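Q: Compute the structure for the input listed below.
(one chain, ligands or ions: 1)
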Amino acid sequence: KILILDFGSQFTQLIARRVRELNIYCEIHPFNKVPEVDASVKGIILSGSPYSVRQDDAPHFEFAKHHKTLPILGVCYGAQYVAHFHGGEVLASSTREYGRANLDFIKPDTILFKDVPLGSQVWMSHGDTIARIADDFEVIASTDSVKVAAYHITGTETYGIQFHPEVTHSIDGKQLLQNFLVDICGCSQDWTPDSFIETTIAELKAKLGDDKVVLGLSGGVDSSVAAVLLHQAIGKNLHCIFVDNGLLRKDEYQSVLDSYQHMGLNIKGIDAKQRFYDALSGLTDPEKKRKAIGRVFIEVFDDAAHEVQGVSWLGQGTIYPDVIESVSVKGPSATIKSHHNVGGLPDFMKLKVVEPLNTLFKDEVRRVGTALGIDPNILGRHPFPGPGLAIRILGDITPEKVDILQQADAIYINNLRSAGVYDKVWQAGAIYLPVQSVGVMGDERTYENVICLRAVESLDGMTADWCHLPYDLLAKISNEIINNVKGINRVVYDISSKPPATIEWE
Ligand code: XMP
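A: Prediction:
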């Protein structure tokens, strides 16, 4: 495997994704918590950082300990760090170097640049520049404004590059990473969905033996893939629970339950709609609604889990981005991550936790799901928030409002599907607004509610852009909703991006 040491760059996860796209396993660790390096570690990549090596509080790591024993690739800050603390000098660049540049010098026969053509476009993003390098460094690539765009420490397998190979604007970035990983580190590219499935099932079998596991399914990608993996490892000892909280999409409970049963999962569906509606009654504050739903879910789930005799494990669909320990940085490009799904385990459920997907990124979960033969309809589903439609009904929740929103949402989503745009949209849903407006239907004046349609493009939900859906499609959806959903006389489309808006309205 490869270790990626994170110095707080917004691109660190992207480096990891690129390495894994090359079918090589890697892990991200904070720069100051480097795990013991054993024979399985073939090389180290040092990430970029919002810090400058010239700052007093610049992050340090034990370079000397690994230099000469393992191949090291420093990227941006990583490259500057090695250069600066190894006899060179890093200065503030006169202009901030940001954006595209071209390599106008590449040292011939340099392994790192194998198959990278002269003139190759690279992507720069840095405020510092390597002004001087020590004698044992050689420049292996330059651009017209950055002489030390890449260097090699002679007699070692330590390299530094000033640009970002992990972003797609660096056209040959992937080739460069492959050169480092395969030719320099000697990694074999055999970490594939199939090999992941094989080793994970073997590990789960060894870890769980004849123990019983209980797992809450949500209908989403992660819990479904986790369930199928566990099912293949321990069969009927996996007890799945699927709760109808009354806040799912129209007909979703039954269709999801059916497809899970079809997959052979040992699943129990629980209709707890009324318990959720009772707990939500009169609540208008979004956070109070979320807390009430979380509390009732745990109660319902706990009751169901107690019915499984002798269960000792809780299965969860936690994925890698939820467990990567983030480096806290105060620099300007520091990303502030808050995620919603890491709730932790309530005290009274004294179960051990098994998380078969906690080393995978989302796209990898999908690929594993495909290799496991899971229904593409489940794997391709848009993300859907745990509190469901409760946070898409602004204000208090009643079963009548849920019914109206379910109808409108179903018309919306079905139209996206039949127009072939569902898979191009990252997330879509209808929102019920607590606003009434005047309309006219036939000769009647109406005074009814508004449905807002939301559709966004995003990579991970942290930032998002509204989708430019075709007008004709919006017109068709609007007509269908207003003509068919009683209580709605107006449909609007949300054209806000995140930030400053959020994807959900609550
Ligand atoms: P926002 O609204 O914060 O949403 O831009 C980002 C992503 O998170 C989802 N989301 C939630 N998911 N529980 C969840 O499980 C929640 O309380 C919650 N709130 C937002 C949202 O659907 C989007 O995918």
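
Q: ok now the one helix or strand R417 maps to, how far from the chain's centre?
A: Using DSSP states H and E, R417 maps to helix 399-418. For helix 399-418, the separation from the chain centroid amounts to 26 Å (computed by Cα atoms, centre = their mean, to the nearest Å).

Q: Following element in sequence after it, please.
A: In the C-terminal direction, the helix or strand that comes right after helix 399-418 (DSSP H and E) is strand 427-441.

Q: contacts for that next one?
A: Strand 427-441 has contacts (Cβ atoms under 8 Å, 6 or more residues apart in numbering) with 382-384, 392-395, 401, 404-405, 408-409, 412-413, 416, 422, 445-456, 458, 461, 464, 467, 481, 489-490, 492, 494, 503, 505. For every residue, glycine as well, the C-beta is placed using N, CA and C.

Q: what pLDDT does G442 get?
A: Per-residue pLDDT puts G442 at 86.

Q: tell me the contacts of T69?
A: Contact analysis of T69 by Cβ under 8 Å, 6+ apart lists nothing.

Q: how close does it get to the ligand?
A: Per Cβ to the nearest ligand atom, to the nearest Å, T69 is found 42 Å from the ligand.

Q: helix or strand for that residue, which one?
A: According to DSSP H and E, T69 maps onto no helix or strand at all.

Q: Helix, strand, or coil at the residue nearest to Y51 when sequence neighbours are not counted?
A: Distances taken as Cβ to Cβ, 6 or more residues apart in numbering put A58 closest to Y51, at 5.0 Å, once the chain neighbours are dropped. Counting by DSSP: H, G, I helix; E, B strand; the rest coil, the backbone at A58 sits in coil.

Q: Hmm, S52 and A58 touching each other?
A: Yes: A58 sits in contact with S52 when judged by Cβ atoms under 8 Å, with a separation of 6.5 Å.

Q: Which residue comes closest to Q406 once chain neighbours are left out?
A: Nearest residue to Q406 in three dimensions, chain neighbours excluded: K250, at 3.9 Å (Cβ to Cβ, 6+ apart).

Q: Could I get the phi/psi values of that neighbour?
A: phi -60, psi 130 (degrees, to the nearest 10).

Q: wouldn't G388 be in contact with N245 here?
A: Yes: G388 is within contact range of N245, at 6.3 Å (criterion: Cβ under 8 Å).

Q: picking that back up, if any of the contacts of strand 427-441 are buried, give me the PyMOL selection for them.
A: A single PyMOL command is used to select the members of those judged buried by 16 or more other Cβ atoms under 10 Å:
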select buried, resi 382+384+392+393+394+395+401+404+405+408+409+412+413+416+422+446+448+449+450+451+452+453+454+455+456+458+461+464+467+481+489+490+494+503+505
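
Q: Sitting in helices, which of the contacts of strand 427-441 do you find?
A: If you go by DSSP state H, the contacts of strand 427-441 have K401, I404, L405, A408, D409, Y412, I413, L416, I481 in helices.

Q: what's the last one in contact with, if anything?
A: Contacts of I481 were listed using Cβ under 8 Å, 6+ apart, and they are Q407, A408, I411, Y412, A430, I451, I488, V491.

Q: and with 7 Å instead?
A: When contacts are counted by Cβ atoms under 7 Å, 6 or more residues apart in numbering, I481 touches A408, I411, I451, I488, V491.

Q: Check the fifth one too.
A: Applying Cβ under 7 Å, 6+ apart to D409 gives the contacts R249, K250, G429, A430.

Q: closest to the ligand among those?
A: For the contacts of D409, the closest approach to the ligand (Cβ to the nearest ligand atom) belongs to G429, at 7.9 Å.

Q: ok, what's across the strand from the closest one?
A: Listed by DSSP bridges, the beta-bridge partners for G429 are R454.

Q: State the number of residues packed around it.
A: Around G429 there are 26 other residues, counting by other Cβ atoms under 10 Å.

Q: From here on, call the first residue 32.
A: Yep, numbering from 32; the last one is G460 now.

Q: about what we covered before: is the helix holding R448 positioned near the ligand?
A: No: counting by Cβ under 6 Å from any ligand atom, the ligand is not contacted by helix 430-449; separation bottoms out at 13.2 Å.

Q: Measure how that helix sits relative to strand 458-472, angle-wise.
A: Relative orientation of helix 430-449 versus strand 458-472 (axes from the mean of the first three to the mean of the last three Cα atoms, to 10 degrees): 110 degrees.

Q: and helix 430-449, what's its mean pLDDT?
A: 98.

Q: Please apply the same query to stretch 522-532.
A: Averaged across stretch 522-532, pLDDT comes to 96.

Q: got the residues of the stretch 182-331 of the chain near the ligand?
A: With Cβ under 6 Å from any ligand atom as the criterion, the stretch 182-331 of the chain meets the ligand at residues R321.

Q: In terms of secondary structure, what does the strand ranked longest in the chain contact?
A: Assignment by DSSP state E gives strand 120-137 as the longest strand of the chain. Contact here means 3 or more Cβ pairs under 7 Å, 6 or more residues apart in numbering; DSSP states H and E; on that basis strand 120-137 packs against helix 108-115, strand 152-163, strand 168-174.

Q: who does it pair up with?
A: Strand 120-137 has the following sheet partners, assigned by DSSP bridges: strand 152-163 (antiparallel), strand 168-174 (antiparallel).

Q: which parts of the first one are buried?
A: Judged by neighbour count using 16+ other Cβ under 10 Å, the buried positions of strand 152-163 are V153, W154, M155, S156, H157, D159, T160, I161.

Q: The helix or strand hosting R398 near the ligand anywhere?
A: Using DSSP H and E, R398 falls within helix 393-402. No: counting by Cβ under 6 Å from any ligand atom, the ligand is not contacted by helix 393-402; separation bottoms out at 11.3 Å.

Q: Report the distance from the helix or strand that comes right after that helix to the chain centre.
A: The first helix or strand that comes after helix 393-402 along the chain, using DSSP H and E, is helix 407-410. A distance of 17 Å separates the centroid of the chain from that of helix 407-410, by Cα atoms, centre = their mean.

Q: quick one: the strands in the stretch 282-431 of the chain?
A: Secondary structure of the stretch 282-431 of the chain by DSSP state E, counting those that start in this stretch: the strands cover 298-302, 342-346, 383-385.

Q: Those into JSON lines, with extra columns for distance to A237 and mean pLDDT?
A: Converted to JSON lines, the strands of the stretch 282-431 of the chain look like this (distance: least, Cβ to Cβ, whole Å; pLDDT from 0 to 100):
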{"stretch": "strand 298-302", "distance to A237": "25", "mean pLDDT": "96"}
{"stretch": "strand 342-346", "distance to A237": "14", "mean pLDDT": "94"}
{"stretch": "strand 383-385", "distance to A237": "12", "mean pLDDT": "94"}
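
Q: what does the stretch 432-537 of the chain put close to the ligand?
A: Counting by Cβ under 6 Å from any ligand atom, the stretch 432-537 of the chain sits next to the ligand at Q458, G492, K529, T533, I534, E535.
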